[in-house]
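A.B. asks: Sequence and predicted structure below; questions after.
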Amino acid sequence: MLQNCSSIVIHAAGDLRVEPQNVATPAAGEVLIQMQAGGICGSDLHYYHNGGFGAIKLREPMVLGHEVSGVIRALGEDTGDLKTGQLVAISPSRPCHACGFCAQGQHNHCLNMRFYGSAMPFPHIQGAFQEHLIVSADQCAPADGLTAAQAAMAEPLAVCLHAVAQSGDLTGKTVLITGCGPIGALCILAARNAGAARIIATDLSDYTLTMAKLCGADTVLNTQENPQALAAFHADKGQVDVHLECSGAAAALAAGLACLRPRGILVQLGLGGDMTVPMQALTAKEISLRGSFRFHEEFFTAVKLMQSGAITVDHLITHSFPISEAIQAFTTASDRRQAMKVQLQF
């Protein structure tokens, strides 16, 4: 039993603490991870600032974090080819493999999902911002050749790979991405890897649009400075094949819908609560509206794409803090004028 391993715990909005946790010895099929890097996600920020989002509210203290990587320090029996000392990216997706959705291969909709750092069920599912953590061997994606920081980007990249899969074949397509935070930026990389010919990106911040350009967006537009920036794409009932909406803002959804050609595809990733949808335009243009929620098998694909060099994420990791400076890390991650992906070092 490891004693006094530090973890990052949210108690209420604005009440973030570094607290000790005890970690047991790994059982069969489990490994002990010494955490190395953890990325702060938008959902972590919602818990920090608001105590939750939408109907999901904190009802007990909860360890945050689900974008993590670490080194294997101990192995239980039956853990396959994993080795001590090996760097792994750790998938936070832990479906039950027994419900009807798991049987149909829709693991991201598992009825008994245990996704790290989620207040959706009660008791809450504790997160992965812990110095040491016991995980199942099947959560571990060997990350040989990557840095710990790169490996910790597998989770948000997997979110974007799932969204791109929801979009259908992007070969030669024109893609609009609204919202260029970490998810929007990674969607640019994922869409280009999937064959998109032209990528248009919008945001309200010049900083995030600069990052979008670095990720390979062909056209970047600040819709705060110029609310009509997308007007040119309205011509002939729309010039865009696929809209990946990453902001969760009703205005961005409506703006993108006006750009979509008839029978185009709108994929909603951004979670900003319920919003008004221009249903008449959606109907008249025969637009396909598709949701995109989490991921499952895409996690291992994300690691392989980074290992092969097909997708490079280094420029998106803008800040790194030791866990003793967790509050400063969360404050920095909240400022989209200066930060993209902020990570913690364990």
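C.D. replies: Structure received. Numbering: from 1, shown residues only.
A.B. asks: Can you give me every residue that contacts the residue of the chain most remote from its centre?
C.D. replies: Note on the chain: the largest C-alpha distance from the chain mean falls to Asp236, namely 34.5 Å (Cα atoms, centre = their mean). Shown in contact with Asp236 (Cβ atoms under 8 Å, 6 or more residues apart in numbering): Arg261. Yep, even glycine has a C-beta here, placed from its N, CA and C like the rest.
A.B. asks: show me where the stretch 1-150 of the chain has helices.
C.D. replies: Remark: helices assigned in the stretch 1-150 of the chain by DSSP state H, counting those that start in this stretch are 42-50, 100-103, 148-151.
A.B. asks: residue contacts, the residue nearest in space to the middle of the chain?
C.D. replies: The centroid of the chain falls nearest to Pro156 when counting by Cα atoms, centre = their mean (2.8 Å). Counting by Cβ under 8 Å, 6+ apart, Pro156 makes contact with 39, 41, 67, 182-183, 186, 341.
A.B. asks: For my notes, please list these in TSV and give pLDDT for each entry.
C.D. replies: Output for these, formatted as TSV (pLDDT from 0 to 100):
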residue	pLDDT
Gly39	98
Cys41	95
Glu67	98
Pro182	96
Ile183	97
Leu186	98
Lys341	98
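A.B. asks: Give me the buried subset of these.
C.D. replies: Neighbour counting by 16 or more other Cβ atoms under 10 Å classes 39, 41, 67, 182-183, 186, 341 among these as buried.
A.B. asks: Leu32: which of the contacts of Pro156 is nearest?
C.D. replies: For the contacts of Pro156, the minimum distance to Leu32 (Cβ to Cβ) is 19.6 Å, reached by Glu67.
A.B. asks: Quick check: that closest one vs Leu157, distance?
C.D. replies: Using Cβ to Cβ, to the nearest Å, Glu67 is found at 10 Å from Leu157.
A.B. asks: check contacts around Cys102.
C.D. replies: Contact analysis of Cys102 by Cβ under 8 Å, 6+ apart lists 95-96, 110.
A.B. asks: make that Gln224, sorry
C.D. replies: Here Gln224 is in contact with 204-205 (Cβ under 8 Å, 6+ apart).
A.B. asks: check which helix or strand covers it.
C.D. replies: Taking DSSP states H and E as the definition, one finds Gln224 inside no helix or strand.
A.B. asks: And the pLDDT at it?
C.D. replies: Looking at Gln224, its pLDDT is 96.
A.B. asks: do Ala28 as well
C.D. replies: So Ala28 comes in at 97 (pLDDT).
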